[in-house]
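**Student:** sequence first, then the predicted structure, then my questions.
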Amino acid sequence: MTDGVTELDSAVLSWMVDHRTPWVTDVMTVVTTVGNTVGVAVLTVVLAAIAWRRGERRAALATLAVMLLGWGLMNGVKYAVRRARPPVPERLVDLSTYSFPSGHAMMSAMVAAVVIVLILRGLLGDGARKRGRAAAAVVTAASLLIGVSRLYLGAHWCTDVLAGWALGALWGTLALRLSLSDAV
């Protein structure tokens, strides 16, 4: 491992660069934009508003707290690790923050986990629970696509995205479940 870059990281970046096409680059740019901080924040507020409107005040506040604290956790890890991003010729986006973990992957996995927990607990309504598998598949696929967009655009190393997904799913699931448990 050289400068924190593994063989896997280098191989995935090389493969992505070798397989870029203009139209896929345009699609991945849109995907990564939708999965940015603003996109995740809007979805978080919508989820909290639905829970609040249904009388699930604790779930609404827990959703907001889990996502906000998760954002802080992600930034804390970035500044603790201080991993450099892929080099500029391969990187199609202009970024000045650290690479590990991928914030897009982490936050999208976190919001996916929150959606799934809220649905499984029936806190977004009976209609959401009935369509729970489809909703879980959609939010999981969206998170995966957002992470792949970060790899394709050269914004992150593969291990940044894998760690982001793992940390986001773990934090979103455990923190929300704990905050909704009777032990709190």
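**Tutor:** Good, I have the coordinates.
**Student:** Leu64 contacts Thr44, correct?
**Tutor:** Yes - using Cβ atoms under 8 Å, Leu64 is in contact with Thr44, at 6.6 Å. Every C-beta, even on glycine, is put in place using the N, C-alpha and C of the backbone.
**Student:** off-centre distance for stretch 65-79?
**Tutor:** 11 Å (Cα atoms, centre = their mean, to the nearest Å).
**Student:** my error: substitute stretch 42-50 in the last question.
**Tutor:** Taking mean C-alpha positions (Cα atoms, centre = their mean), stretch 42-50 and its chain are 16 Å apart.
**Student:** return the set of buried residues in that stretch.
**Tutor:** By 16 or more other Cβ atoms under 10 Å, the buried positions in stretch 42-50 come out as 43-44, 47-48, 50.
**Student:** contacts only, for the spatially most central residue of the chain.
**Tutor:** The structure's the chain has its C-alpha centroid closest to Ser108; by Cα atoms, centre = their mean the separation is 2.2 Å. Residues counted as contacts of Ser108 (Cβ atoms under 8 Å, 6 or more residues apart in numbering) are 35, 40, 142-143, 146-147, 168.
**Student:** so where does the nearest residue to it once chain neighbours are set aside fall, helix or strand?
**Tutor:** Setting aside the residues directly before and after it, Ser108 is nearest to Ser143 in space (Cβ to Cβ, 6 or more residues apart in numbering), at 4.0 Å. Assigned by DSSP states H and E, Ser143 belongs to helix 132-152.
**Student:** following the chain past that helix, name the next helix or strand.
**Tutor:** Heading C-terminal from helix 132-152 (DSSP H and E), you reach helix 158-180.
**Student:** what angle separates that next one from helix 132-152?
**Tutor:** 150 degrees (axes from the mean of the first three to the mean of the last three Cα atoms, to 10 degrees).
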